[in-house]
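# Next comes the sequence, and after it the predicted model I'd like to discuss.
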Amino acid sequence: MEKLDHTQSNWVEHHVPCPECGSQDNVSINKDGSWKCFGGDCQAHGQHYGDGNYELSNKTESKETKLTATGILGALTDRKISSETAKKYGVTITRNKDGSIKEHLYPYYSDGKKIAQKIRSVKTKDFRIEGSVRDADLFGTQSTQSKGKFITIVEGECDAMAAYELMGSKWGVVSVINGASSAARDIKRNLEFFNDFESVVVCFDSDKAGKKAARQVAELFPPSKAKIMTLPSEYKDANEMLKDNKRQAFMEYWWAAKLFAPDGIIRGDNMWGIVTEEIDQSFVEYPWAGMNELTYGIRTHELITIAAGSGMGKSQFLRELIYYLINTEDSGNIGLLMMEESTRRTGLSLMSMSANRPLHLPDTYIDSEELREHYDVTLGTGKVFLYDSFGSNTIDNIISKVRYMAKGLDCKYVFLDHISILVSDQQSGDERKALDEIATKLRTLIQETGIALFMVSHLKRPGGTAHEEGGITSLSQLRGSAGIGQLSDMVIGLERDGQHDDPQIRNTTTIRVLKNRFSGLTGPACYLYYDKDTGRMLETDKPSENNEPEDEF
């Protein structure tokens, strides 16, 4: 066998199979994608486009190669293949002087005429080719019926004969010509051969290349025709199973071959394991009963958008959630990106939840010892990580911070208050476009990391009653286009008439579920009354006119 010429510095890939002569390692590929075969008299050349896709340039036809090598019929004892099977496939052998098998001769046909043969050395496993397999039929087609219930495709000649024997010589088996690298191309040229078979079983090697080629070949056939067979993990190919006499095991795996569906498409009759999985349960619930009735709690892998007008208590709503998560066992770590306030204000606000006093106000007194107690049960738990928003607030920077919180700090829950503030740092001057871009990137990040992300979004001014005067929230009022609403799993609206004469109504926020992808339940969920003395939001009944706050508030 002629060795490759490595003197040209532009060759970047070597020992590649040749689509013309069928050699396994005589092609080199150039930087510019051109290729050439250096095997014997072949010298084929052309352009390579990746994934075994070769374009063959016109070349001067050489004289027809005569098939001079001859062998005798006999069992391929080195492969445990019987003489009856070898005879059916037209495979012959040559012997050494001591009687051991020297070579296998695999015939290749085109339109019933033998045009080439591969000659493989048993000792070195190298092979040479007489003739050209460029226009050859698949190996074994000359000895296989042109129609039937089943036809199996394998990667190599010995695997074809081995699979035929493993199946009790009942159904036809053919092999691609040049292995996994050009399997799809070989099948494309021979598609008509498979027309009158009911099922095509693809049984390629269990390595990475074989699995990839099996999918590429299966995609060439109509739906419900191709099946991909997965071999037992301890065997690479059919011939290895024959050598171990695993006939029953092979047939079990052959019958279990699953109908192929393209990536992203799942067959309904393959979904039993999926539909019998335990229904998603929330890791933690909301701190308010009314919210849990509609939402079934907080789940990871979800985007929860909090929407409200200006001054409606969105940040306080988030603080209640954060404090509740801090004190929920096994809730996981929490990441905070509070874009409109300092980390000191955020920290004091969380400690205020524990103290039941607004510690950030100047007229609130607390001694350092008690302050430390509230620090220890909030910020001091080691569960809370805050982003200091002083600096770059570009979306890519925020995405990297959220990813780090999720993957580097094991945060299960991340809070972003608020998305609209990021728009000013985007290069695009189109607010709608920028908000959609941000929401899309965050949604993708949630799928990547599995976190639950609580995101605050401002609302557009309504046409009627203002949000600050108790106007009802709706999905259509989300800033930007419909992207935020479409990408969110849950949208929660906050409503409060902050100008009402009745202090009970003025300080009570309606929590409305605007979108609920999990259960579909929407509408008013609960009512939270803000007690200015404690700085807390507590669940209460729906307020009515002329009600005075109860003593407990």
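Yep, it's here.
# rest of the way, CA atoms for contacts and neighbours
Fine.
# mind checking the SS state of residue 94?
strand (DSSP: H, G, I helix; E, B strand; the rest coil).
# How about it: which residues does it bridge to?
residue 103 (DSSP bridges).
# what's the pLDDT at it?
The score at residue 94 is 94. That number is its pLDDT.
# I'd like the distance from it to residue 329, if you could.
Residue 94 sits 74 Å away from residue 329, going by Cα to Cα, to the nearest Å.
# Residue 215 now?
Applying Cα to Cα to residue 215 and residue 329 gives a distance of 46 Å.
# can you check residue 69 too?
Residue 69 is 78 Å from residue 329, by Cα to Cα.
# between residue 215 and residue 329, who's got more neighbours?
Per other Cα atoms under 10 Å, whichever of residue 215 and residue 329 has more neighbours is residue 215, with 20 against 9.
# Need the phi and psi values for the more buried one.
With angles defined as degrees, to the nearest 10, residue 215 sits at phi -70, psi -40.
# OK, contacts around it?
228, 260, 262 (Cα atoms under 8 Å, 6 or more residues apart in numbering).
# Produce a PyMOL select command limited to the buried residues of those residues.
Typed into PyMOL, the line below selects the buried ones among the contacts of residue 215, using 16 or more other Cα atoms under 10 Å:
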select buried, resi 228+260
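# Which one of the contacts of residue 215 is nearest to residue 342?
Relative to residue 342, the closest of the contacts of residue 215 is residue 262; by Cα to Cα it sits at 49.9 Å.
# so residue 108, which of the three states?
strand.
# I'd like the contacts of residue 215 laid out as CSV, including secondary structure.
Output for the contacts of residue 215, formatted as CSV (three-state DSSP):
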residue, secondary structure
228, strand
260, coil
262, coil
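# Could the C-alpha coordinates of the lengthiest helix in the chain be exported in CSV?
With DSSP state H setting the assignment, residue counts place helix 431-449 as the longest helix in the chain. Extracted in CSV, the C-alpha atoms of helix 431-449 (Å, rounded to 0.1, in the frame of the first residue of the first chain):
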residue,chain,number,x,y,z
GLU,A,431,-36.7,49.8,24.3
ARG,A,432,-39.0,47.1,23.0
LYS,A,433,-36.2,45.3,21.2
ALA,A,434,-33.9,45.6,24.2
LEU,A,435,-36.4,44.2,26.7
ASP,A,436,-37.2,41.3,24.4
GLU,A,437,-33.5,40.5,24.0
ILE,A,438,-32.9,40.6,27.8
ALA,A,439,-35.9,38.4,28.5
THR,A,440,-34.9,35.9,25.9
LYS,A,441,-31.3,35.6,27.3
LEU,A,442,-32.6,35.3,30.8
ARG,A,443,-35.1,32.6,29.7
THR,A,444,-32.2,30.7,28.0
LEU,A,445,-30.1,31.0,31.2
ILE,A,446,-32.9,29.6,33.3
GLN,A,447,-33.0,26.5,31.1
GLU,A,448,-29.2,26.2,31.3
THR,A,449,-28.9,26.5,35.1
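# Flag the helix or strand of this structure with the lowest per-element mean pLDDT.
Ranked by mean pLDDT, DSSP states H and E, the helix or strand of the chain with the weakest confidence is strand 54-56, at a mean of 59.
# pLDDT of the helix or strand just after it, averaged?
Past strand 54-56, further along toward the C-terminus, the next helix or strand under DSSP states H and E is helix 83-89. Average pLDDT, helix 83-89: 95.
# Next, the buried residues of helix 83-89.
By 16+ other Cα under 10 Å, the buried positions in helix 83-89 come out as 83, 85, 86, 89.
# For the stretch 151-300 of the chain, give me the ranges with low pLDDT.
263-265, 278-283 (pLDDT under 70).
# so where do the helices sit in it?
Per DSSP state H, counting those that start in this stretch, the stretch 151-300 of the chain carries helices over the ranges 157-166, 183-189, 208-218, 238-243, 247-255, 272-275, 289-295.
# okay if I get those helices as TSV plus distance to residue 503?
Output for the helices of the stretch 151-300 of the chain, formatted as TSV (distance: least, Cα to Cα, whole Å):
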stretch	distance to residue 503
helix 157-166	83
helix 183-189	75
helix 208-218	67
helix 238-243	80
helix 247-255	73
helix 272-275	50
helix 289-295	22
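# So what are the structural domains in this structure, by residue number?
11-56, 77-269, 289-540 (automatic domain parsing).
# Using JSON lines, please lay out those domains together with distance to residue 275.
Output for those, formatted as JSON lines (distance: least, Cα to Cα, whole Å):
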{"stretch": "domain 11-56", "distance to residue 275": "36"}
{"stretch": "domain 77-269", "distance to residue 275": "10"}
{"stretch": "domain 289-540", "distance to residue 275": "16"}
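# Would you check how far apart residue 351 and residue 380 are?
To residue 380, residue 351 is 10 Å away according to Cα to Cα.
# count of residues packed around residue 274?
Using other Cα under 10 Å, residue 274 has 9 other residues around it.
# Equivalent analysis for residue 457, please.
By other Cα under 10 Å, the residues close to residue 457 number 25.
# all strands for the stretch 451-553 of the chain, in order.
Along the stretch 451-553 of the chain, counting by DSSP state E, counting those that start in this stretch, strands occupy 452-458, 490-495, 508-516, 523-531, 536-540.
# CSV for those strands, including distance to residue 435 and mean pLDDT?
Below are the strands of the stretch 451-553 of the chain laid out as CSV (distance: least, Cα to Cα, whole Å; pLDDT from 0 to 100):
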stretch, distance to residue 435, mean pLDDT
strand 452-458, 10, 89
strand 490-495, 16, 91
strand 508-516, 19, 91
strand 523-531, 25, 92
strand 536-540, 30, 91
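# Okay, now the unreliable bits of the stretch 301-450 of the chain?
390-393, 421-431.
# the helices in it, which residues?
In the stretch 301-450 of the chain, the helices defined using DSSP H, counting those that start in this stretch lie at 314-326, 343-355, 368-376, 395-403, 431-449.
# For those helices, could you give me JSON lines that also reports mean neighbour count and distance to residue 30?
Putting the helices of the stretch 301-450 of the chain into JSON lines (neighbours: other Cα atoms under 10 Å; distance: least, Cα to Cα, whole Å) gives the following:
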{"stretch": "helix 314-326", "mean neighbour count": "20", "distance to residue 30": "59"}
{"stretch": "helix 343-355", "mean neighbour count": "20", "distance to residue 30": "57"}
{"stretch": "helix 368-376", "mean neighbour count": "14", "distance to residue 30": "65"}
{"stretch": "helix 395-403", "mean neighbour count": "17", "distance to residue 30": "38"}
{"stretch": "helix 431-449", "mean neighbour count": "18", "distance to residue 30": "37"}
